[in-house]
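Trainee: No sequence on hand, only this structure:
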DNA sequence: CGACGACGGTACGGTTGCGTCCCGACGTAC
DNA sequence: GTACGTCGGGACGCAACCGTACCGTCGTCG
């Protein structure tokens, strides 16, 4: 009968330690110290550092974010950008997320866990927003949801998590507007959208 | 009289080790092992792990990239995207860059070094491309170069370094087109550009 | 050809973390 | 009130790495 309060303290300590030193240097001893807990209490719950981090991170990252249907593509985009901004401005998250993503590049198990708990969720959100916009006639039918997600999340992630430059006032609405325009104007000449609708499956292989 | 071949071997080993285990777990012993070199040879050149990595990384990252003037905003964008893609697809770089950027979030000295050798260079490129486009009349005069860089590099970085999904064929031209459109159509209704020309300086404060 | 110095290698003491085990204390359920 | 299990804490042997010191070797200048 493990005590939940202890488990919570460990979880909190792992997040703080992840932010402080990163996954690479995360040590069980430091987690135990920070949580005010014996190493025994940790090993009683998880078998290894990887397993512990996977469980804790996926639990946090797996929380589905509610996305309101604002009735407009621009509205949806702005709401989405606002959610992402809020998440990436969180001091813990802004340290942990880039660190884990970098670590995932060399740790397949971690990569898979993040993929399942983060990307799947995010992909659904993207598909929803794009799908609704297509239904409303705001976007051409062939719009590629994956490319759309790149355009939506990429600039914000770059700004907040990589360049780490603060956002000017009214930046989000401008960004939403820009992205909406970019998506709607994807096809230069030929109609059908950026991914060429569905007439050329080779164009969107997406292996793995 | 330190032998240059040895220094080069160490440099190469550091890059490989950085890619393999990341900055957090980089050890001098491992570098020496990989380079086929005694630890002495390393300590003879640098005083610490941080100093060594700073020197080596800044040397690599400081290489200025030549950007041809294609005569078109779309052309410049596509060329720029192609350069970034090539850099981010390099197996070593794709592992090292996200790792160092994540580490920079908690290591001010590393952050400053990366800032100086990477961002300065990149910022110049962005200013050039945007400036030329403004001169040609392709973009409104008030276009914010920083925001433009976000839109240009962000999606590609997200795609290649974070999501790590391969690019579909012809993705770059489409991206260049989208970004060009997004930049030129920043203002929702009133003409004058995304930053409202110069009638409202509050809109583009950009602290720091 | 001789002296100098960087070379690879080894060993050092000290620190840190691993994963396991044992202890006495506490609390709870029966 | 007794028995059980988790608790914090400490100690264990083992491993890795730190930064330094000291070898004998080898190449390169002068």
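Mentor: Cool, got the structure. Note that the coordinates shown come from a computational prediction; the quantities given were computed from them, not determined experimentally.
Trainee: Distance from stretch A:114-132 to the middle of the chain?
Mentor: 9 Å (C-alpha atoms, centre = their mean, to the nearest Å).
Trainee: Please work out which residues outside that stretch touch it.
Mentor: Stretch A:114-132 is contacted by residues A:57-58, A:61-62, A:64-65, A:67, A:69, A:73, A:76-77, A:80, A:100-101, A:104, A:139, A:143, A:145-146, A:148-149, A:152-153, A:183, B:163 when judged by C-beta atoms under 8 Å, 6 or more residues apart in numbering or on different chains. From N, CA and C alone the C-beta is placed, and that goes for glycine too.
Trainee: So which residue is smack in the middle of chain A?
Mentor: Centroid-nearest residue in chain A, with C-alpha atoms, centre = their mean: residue A:118, separated by 5.2 Å.
Trainee: Look at it and report its pLDDT.
Mentor: On pLDDT, residue A:118 comes in at 79.
Trainee: ok, now residue A:64?
Mentor: On the pLDDT scale, residue A:64 is placed at 72.
Trainee: again with residue A:159
Mentor: On pLDDT, residue A:159 comes in at 95.
Trainee: so who does it touch?
Mentor: Applying C-beta under 8 Å, 6+ apart, one finds that residue A:159 lies in contact with A:165, A:167, B:150, B:154.
Trainee: if I look at the closest residue to residue A:39 other than its chain neighbours, how far off is residue B:130?
Mentor: Leaving aside its sequence neighbours, residue A:39 sits nearest to residue A:32 (C-beta to C-beta, 6 or more residues apart in numbering or on different chains; 4.8 Å). As for residue A:32, its distance to residue B:130 is 51 Å (criterion: C-beta to C-beta, to the nearest Å).
Trainee: And the next helix or strand past the lowest-mean-pLDDT helix or strand in chain A?
Mentor: Taking mean pLDDT, DSSP states H and E as the measure, chain A has helix A:120-136 as its least confident helix or strand, at a mean of 87. Per DSSP states H and E, the first helix or strand lying C-terminal to helix A:120-136 is helix A:145-157.
Trainee: by contact count, what packs against the next helix or strand after that next one?
Mentor: Per DSSP H and E, the first helix or strand lying C-terminal to helix A:145-157 is helix A:171-184. Judged by 3 or more C-beta pairs under 8 Å, 6 or more residues apart in numbering or on different chains; DSSP states H and E, helix A:171-184 is in contact with helix A:73-89, helix A:145-157, helix B:145-157, helix B:171-184.
Trainee: Tell me which other helices or strands the second one touches.
Mentor: Using 3+ C-beta pairs under 8 Å, 6+ apart as the contact definition, the elements that helix A:145-157 packs against are helix A:73-89, helix A:120-136, helix A:171-184, helix B:145-157, helix B:171-184.
Trainee: Considering those, which stretch scores lowest in mean pLDDT?
Mentor: helix A:120-136 has the lowest average pLDDT among the helices and strands packed on helix A:145-157, namely a mean of 87.
Trainee: And the residue in chain A positioned nearest to chain B, which helix or strand is it part of?
Mentor: Using C-beta to the nearest C-beta, the single residue of chain A nearest to chain B is residue A:24, 3.0 Å away. Following DSSP H and E, there is no helix or strand that holds residue A:24.
Trainee: for it, phi and psi?
Mentor: The phi/psi pair for residue A:24 (degrees, to the nearest 10) reads phi -60, psi -40.
Trainee: quick one: contacts for it?
Mentor: A:103, B:21, B:22, B:23, B:24, B:25.
Trainee: any idea of the pLDDT on it?
Mentor: Looking at residue A:24, its pLDDT is 95.
Trainee: Okay, domains of chain A per the record?
Mentor: Residue ranges for each domain of chain A read A:4-56, A:62-190, as given by automatic domain parsing.
Trainee: The last one and DNA strand C, are they touching?
Mentor: Going back to what we said before, that points to domain A:62-190. No. Among the residues of domain A:62-190, none lie within reach of DNA strand C under C-beta under 7 Å from any atom of the strand; the closest is 14.3 Å away.
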